[in-house]
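Participant: any chance you can model this:
(4 chains)
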2 protein chains.
Amino acid sequence: MSANSRMTTAVHVLTWMAFDRRGTDKEIATSQRIATSVNTNPVVIRRCLGELRDAGLVESIRGRSGGWVLTRDAGEITLLDVYRATGAEPIFGMHAASPDAECYVGHGIASTLTEVYDEATRAMCRVLESTTIRDVLRGSLADFPELREAQGLEPAPA
Amino acid sequence: MSANSRMTTAVHVLTWMAFDRRGTDKEIATSQRIATSVNTNPVVIRRCLGELRDAGLVESIRGRSGGWVLTRDAGEITLLDVYRATGAEPIFGMHAASPDAECYVGHGIASTLTEVYDEATRAMCRVLESTTIRDVLRGSLADFPELREAQGLEPAPA
DNA sequence: TCAAATGTAACAGCTTGTGCTACATTCGAA
DNA sequence: TTCGAATGTAGCACAAGCTGTTACATTTGA
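Facilitator: Presented below is the predicted three-dimensional model:
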């Protein structure tokens, strides 16, 4: 059970919603139905969707026949949006205890490392930004060309 | 207390060793002395150094007047070497439970996400590879030009 | 022979993620 | 107007990982 699978769950949820949106039966997406695909508990899905709603990616509808809807097209949601929405921890953590300030190395290392860590994180974020939920859906349906076409998705680039 | 501060501790340890190496007193680096700068327990430092030794970055000398030495110049140790040595968890975790394979989305999403995650991780690693322990030492000593020069380090680039 | 160092096991305390139950709230449909 | 189905949220148990610490075996130079 790895550290940050919340991101993966959130991407799965959004991809499922994008897939379901164009399905034949026009049922609304509920936490119960999504939980079946992700293979987890509906409360876990609701917690996840709550974060996505706070970030403006989905909206919830309360009451009977309520559920969840995407607020924009799947091609307009990047994995960077999802990464930020799930409030990911910084990839690199600083010291647990402050280094000895009287040590020359301990005095300046934190700010130096922060610069490098920030740059590395930005490089990672640029990759996430280049992929959308629509891309993930296309990749996930690679084994089912007829479904992929029904969703209006072109084949994946070579 | 953030997730992965082991990396930060390891970089601090190596930077301190690079600094100490050219110091006036020719004492060998011991886990006790390093722990003072990092402000933690010597056992934590020994655990860290053990990982760095397994990766070939340092060597240990047992017995009285033993300690630790770098196996190569600080300019030849990149932060990517340290990242790998500390056995970092994958940045992105997969689902805790396997998704429903009968769901079209659940069937293919894992391999699709793995591709994107791998690419993002590679982008991050490229940045880490471009920085060495020598660079970190130079940055850490930015406030002490006379020490920086004594270490034979040019000023940081603008 | 002894002191100082590494090497390692074991444990407590803390934090985080996951999965679950329980229950209040909301609101469309009968 | 009532009822059922959904969201919203609190709270708990369990597992895992990191940190810090004590304790002790091992090694080896002085």
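
Participant: briefly note if the longest helix belonging to chain A comes near chain B.
Facilitator: Ranked by residue count and defined by DSSP state H, the top helix of chain A is helix A:104-129. Yes. Helix A:104-129 comes into contact with chain B when judged by Cβ under 8 Å from any Cβ of the partner chain, the residues involved being A:104-109, A:111-113, A:115-116, A:119-121, A:123-124, A:126-128. For every residue, glycine as well, the C-beta is placed using N, CA and C.

Participant: for stretch A:83-100, same thing?
Facilitator: Yes. Contact check for stretch A:83-100 against chain B, using Cβ under 8 Å from any Cβ: residues in range are A:89-100.

Participant: what's the first helix or strand after the longest helix of chain A?
Facilitator: Per DSSP states H and E, helix A:104-129 leads on to helix A:133-140 as the next helix or strand towards the C-terminus.

Participant: angle of that following helix against helix B:104-129?
Facilitator: Relative orientation of helix A:133-140 and helix B:104-129, computed by axes from the mean of the first three to the mean of the last three Cα atoms, to 10 degrees: 110 degrees.

Participant: contacts for helix A:133-140?
Facilitator: Counting by Cβ atoms under 8 Å, 6 or more residues apart in numbering or on different chains, the neighbours of helix A:133-140 from elsewhere in the structure are A:11, A:14-15, A:18-19, A:73-75, A:77-79, A:82, A:148, A:151, A:153-154, A:156, B:104-105, B:107-109, B:111-113, B:115-116.

Participant: thinking again about what came up before, just the closest of the residues of stretch A:83-100 next to chain B to chain B, please.
Facilitator: For chain B, the nearest member of those is residue A:93. The distance, counting by Cβ to the nearest Cβ, is 2.8 Å.

Participant: what's the burial count for that closest one?
Facilitator: Look at residue A:93: counted by other Cβ atoms under 10 Å in any protein chain shown, it has 17 neighbours.

Participant: from residue B:79, how far off is it?
Facilitator: Noted for residue A:93: a distance of 15 Å to residue B:79, by Cβ to Cβ, to the nearest Å.

Participant: one more: residue A:117?
Facilitator: Here the distance between residue A:117 and residue B:79 works out to 9 Å (Cβ to Cβ).

Participant: compare neighbour counts for those two and give me the winner.
Facilitator: Residue environment comparison for residue A:117 versus residue B:79 gives the larger neighbour count to residue B:79, 26 against 21, counting by other Cβ under 10 Å.

Participant: what segments of chain A are strands?
Facilitator: A:58-61, A:67-70 (DSSP state E).

Participant: in CSV: those, plus mean pLDDT.
Facilitator: What follows is the strands of chain A, written out as CSV (pLDDT from 0 to 100):
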stretch, mean pLDDT
strand A:58-61, 97
strand A:67-70, 96
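
Participant: before we move on, back to that, and DNA strand D, which of the residues of stretch A:83-100 next to chain B reach it?
Facilitator: With the criterion set as Cβ under 7 Å from any atom of the strand, the members of these near DNA strand D are A:93, A:96-97.

Participant: what comes up buried for stretch A:54-61?
Facilitator: Neighbour-count burial for stretch A:54-61 flags A:55, A:57-58 (criterion: 16 or more other Cβ atoms under 10 Å in any protein chain shown).

Participant: repeat that for stretch A:131-151.
Facilitator: In stretch A:131-151, residues buried by neighbour count (16+ other Cβ under 10 Å) are A:131-141, A:148, A:151.
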